[in-house]
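Colleague: generate a structure from the sequence data that follows.
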Amino acid sequence: MKKKIGIAVPIAFLVLLAALYGLYELTASRTYQVMGELVPRVEIKQKAVALTFDDGPTDHVDEVIAALAEAEVKATFYLTGREIEQLPDAAKKLVAAGHELGNHSYSHRRMVFKSPSFLREEIERTDELIRAAGYQGEITFRPPNGKKLIALPWILSQEDRTTVMWDVEPDSDPDVAATSDGIVAHVAQQVQPGSIILLHPWYESRETSRAAIQGVVETLRSQGYEFKTMSELLELK
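Modeller: Got it, this is the predicted structure:
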């Protein structure tokens, strides 16, 4: 009996580790969630992409808007409610410039192992701030750090709201993000029709991301790509 117990304990431990690993993979998956619509890339043949930005807004809003205006591109900004509250005029500037706003939660806390009431407040509070900034279009949702499990997809599915992920993220790799040329080259190598490109241009440490905006646009246009907002790209499905 002791020998059987001795064998069972490590087996149970391995099963637990495997289950925890599977759970982690599920929370981090860019291509799967348990319910509702998840979009990591739009499956189209047309050479169209969406340029999206996470976090913010911050005091760099004028610089980002100017870069996009120079490139003649409308982008989609997944903003956090807390930062909209801190700089409401920055969010209004994005709307006035014709860009699309998405919901990136209020606090940017990971949206796993949280109560439904917490998740709803994070989403609804940010929606209200986005509407207060003057944005009238559809509000898609992007989870902070891409993390989701069961409760968040369930809540979003109840609202028939799309979870938007990404398939090209150059500035998550420190080596790539070290230079704007590195970011541009990475995007050019990884992009495909229907890609959702993610940049983080808002903070002081992201100067190369801001500097890369025009280069990304020029390089992809030279390859025949056109730029859409996220809602426009979804309409091409």
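
Colleague: what ranges does this structure have for its helices?
Modeller: Here the chain has its helices, by DSSP state H, at 2-28, 61-71, 81-86, 88-96, 116-132, 151-158, 174-177, 180-190, 207-222, 230-234.

Colleague: and the shortest one, what's buried?
Modeller: Buried residues in helix 174-177, counted by 16 or more other Cβ atoms under 10 Å: 176-177. C-beta: built from backbone N, CA, C; applies to glycine.

Colleague: neighbouring contacts of it?
Modeller: With contact meaning Cβ atoms under 8 Å, 6 or more residues apart in numbering, helix 174-177 is reached by 170-171, 182-183, 186, 206, 208-209.

Colleague: any idea which of the residues you listed is least confident?
Modeller: Among those, residue 171 has the lowest pLDDT, at 92.

Colleague: and for it, the neighbour number?
Modeller: Neighbour count of residue 171, defined by other Cβ atoms under 10 Å: 23.

Colleague: for it, what are its contacts?
Modeller: Residues in contact with residue 171 (Cβ under 8 Å, 6+ apart) are 177, 183, 199-200, 206, 208-209.

Colleague: ok so, going back, for the contacts of helix 174-177, pick the one with the most neighbours.
Modeller: Neighbour-wise, the contacts of helix 174-177 (other Cβ under 10 Å) top out at residue 170, 25 neighbours.

Colleague: OK, contacts around that residue?
Modeller: Residues counted as contacts of residue 170 (Cβ under 8 Å, 6+ apart) are 176-177, 182-183, 186-187, 190, 199, 212.

Colleague: any weak-confidence spans in this structure?
Modeller: Residue ranges of the chain with pLDDT under 70: 1-27.

Colleague: the same query, at a cut-off of 80, please.
Modeller: Scanning the chain for pLDDT under 80 picks out 1-28, 30.

Colleague: need the single longest strand in it, by residues.
Modeller: strand 48-54 (DSSP state E).

Colleague: and that strand, how far from the chain's centre?
Modeller: Put simply, strand 48-54 sits 9 Å off its chain's centre (Cα atoms, centre = their mean, to the nearest Å).

Colleague: equivalent analysis for stretch 186-196, please.
Modeller: Taking Cα atoms, centre = their mean, one finds stretch 186-196 lying 15 Å from the centre of the chain it belongs to.

Colleague: what comes up buried for it?
Modeller: Here stretch 186-196 shows 186-188, 191, 193-196 as buried, counting by 16+ other Cβ under 10 Å.

Colleague: now render those residues as TSV, adding distance to residue 232.
Modeller: As requested, the buried residues of stretch 186-196 are exported to TSV (distance: Cβ to Cβ, whole Å):
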residue	distance to residue 232
186	24
187	19
188	22
191	17
193	14
194	12
195	14
196	12
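
Colleague: buried set for stretch 38-55?
Modeller: Buried residues in stretch 38-55, counted by 16+ other Cβ under 10 Å: 38-42, 47-55.
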